[in-house]
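J.: need a 3D model of the following:
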Amino acid sequence: LNLSIIILNFLHKLTVSIVILLVCSALSITSSSIATSDPRSATW
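T.: Got it, this is the predicted structure:
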């Protein structure tokens, strides 16, 4: 019983960290694509 709780807790933390990494990478990709497609950034 204790082992399954530990495994579930580990999987939960792993899933949360993966989701955070995906969100951060998606945000950086969208911000960089917005910056490149923005005509104002091209003038700088």
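J.: quick one: mean pLDDT over the helix or strand where residue 20 lies.
T.: Using DSSP states H and E, the element containing residue 20 is helix 2-37. Confidence for helix 2-37, expressed as mean pLDDT, is 90.
J.: what residues sit buried inside that helix?
T.: Within helix 2-37, no residue counts as buried by 16 or more other CB atoms under 10 Å. For every residue, glycine as well, the C-beta is placed using N, CA and C.
J.: to the chain's geometric centre, what's the distance from that helix?
T.: Put simply, helix 2-37 sits 4 Å off its chain's centre (CA atoms, centre = their mean, to the nearest Å).
J.: stretch 1-10 now?
T.: 25 Å.
J.: CA atoms only: put that stretch into PDB for me.
T.: Extracted in PDB, the C-alpha atoms of stretch 1-10 (Å, rounded to 0.1, in the frame of the first residue of the first chain):
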ATOM      1  CA  LEU A   1       0.000   0.000   0.000                       C
ATOM      2  CA  ASN A   2       2.800   2.400   0.900                       C
ATOM      3  CA  LEU A   3       4.700   1.600  -2.200                       C
ATOM      4  CA  SER A   4       1.800   2.300  -4.500                       C
ATOM      5  CA  ILE A   5       1.300   5.700  -2.800                       C
ATOM      6  CA  ILE A   6       4.900   6.500  -3.300                       C
ATOM      7  CA  ILE A   7       4.800   5.500  -6.900                       C
ATOM      8  CA  LEU A   8       1.600   7.500  -7.500                       C
ATOM      9  CA  ASN A   9       3.100  10.500  -5.800                       C
ATOM     10  CA  PHE A  10       6.300  10.200  -8.000                       C
END
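J.: use 24 as the first number from now on
T.: Sounds good: first residue 24 from here, last item stretch 24-33.
J.: who touches it?
T.: Stretch 24-33 has contacts (CB atoms under 8 Å, 6 or more residues apart in numbering) with no other residue.
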